[in-house]
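Trainee: When you get a sec, could you give me coordinates for this:
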Amino acid sequence: MSDPDPGRPGHFIGWADRLAAHLARLAGEAGHEFGYANLAVRGRLLADVTGPQLDAALALAPDLVSMVGGGNDILRPKADLDAIAQNLETAVLRIQATGAAVLLATPVDPADAPLIRHLRGRHAIHTANIFSIAQKHGCYVINQWGLHALRDWRLWAEDRIHMTSEGHRRVALSALSALGHSTDHTDWTTPLPPPPPVGRRAAAGANAAWARTHLAPWVQRRLRGESSGDAVTAKRPSLLPVEPPGTSPAD
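Mentor: Reported below is the predicted structural model:
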């Protein structure tokens, strides 16, 4: 989301697609074939990620599975962080039993996020659980919590939930580095130059506009038991060759 694909109007790229492009290039240079599927659906809870999404992923007999989930769960009023961690660990073991490697990702530190910063403790516990699972079972981890540049709101879209293209680009390089490949760390870890100061009145106005436009509809969906991804399906359910970001996919 919020990473427009110039080659396909109305579609998005995202850090996973960008990572796949990097891996496809490296595989090609080594003389190997590379296929990539993206089964993620926005707004889904971890039960869907580790259930139907994981079932579909393992049916493809992958060598590497990136699994990012739990973020939507910990926003719920009665989130059970221990149960979330157990669900995630069980899924990791299921993936590894097939011989595939696992790439996990921590949440971003919400210290500077309006409203959500009050849930920083939950995000920190979820981050600690992810690192504990990864250490115990030998998973790769995208350390978004430690990527301080992501705490700059200029790397986030107007909804304050999804990253901009620059944010996705940085996370893709962070993921590539986490997988053990060489990257220019200064390129994706260096924060943007300091922004111009924003007065209290302007900040309050921006927060109010965001609450009306994005927070209120989110709350209404929660009350109705709905999700923004209810009518959304995976954009890339099959393993396909990877085209460079911004180009039309092969038929």
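Trainee: So for residue 242, what's the nearest residue that isn't a sequence neighbour?
Mentor: Distance criterion Cβ to Cβ, 6 or more residues apart in numbering; nearest residue to residue 242, sequence neighbours excluded, is residue 24 at 3.8 Å. (Glycine included, C-beta is placed from N, CA and C.)
Trainee: What of residue 176?
Mentor: Spatial nearest neighbour of residue 176, chain neighbours left out: residue 22 (5.0 Å); criterion: Cβ to Cβ, 6+ apart.
Trainee: Quick check: which element contains the residue nearest to residue 242?
Mentor: Assigned by DSSP states H and E, residue 24 belongs to helix 15-29.
Trainee: close enough to count as contact, residue 140 and residue 100?
Mentor: No: if you go by Cβ atoms under 8 Å, residue 140 and residue 100 don't touch, sitting 11.6 Å apart.
Trainee: residue ranges of the helices in the stretch 1-150 of the chain, please?
Mentor: Assigned by DSSP state H, counting those that start in this stretch, the stretch 1-150 of the chain shows helices spanning 15-29, 46-48, 54-58, 81-96, 120-137.
Trainee: just the stretch 151-251 of the chain next, same as before
Mentor: Assignment of helices within the stretch 151-251 of the chain using DSSP H, counting those that start in this stretch yields the ranges 165-178, 185-189, 200-210, 216-224.
Trainee: so what's the most centrally placed residue in the chain up against?
Mentor: Central residue of the chain (Cα atoms, centre = their mean): residue 68, 6.0 Å from the mean position. Contacts for residue 68 (Cβ atoms under 8 Å, 6 or more residues apart in numbering) come out as 40, 49, 104, 105.
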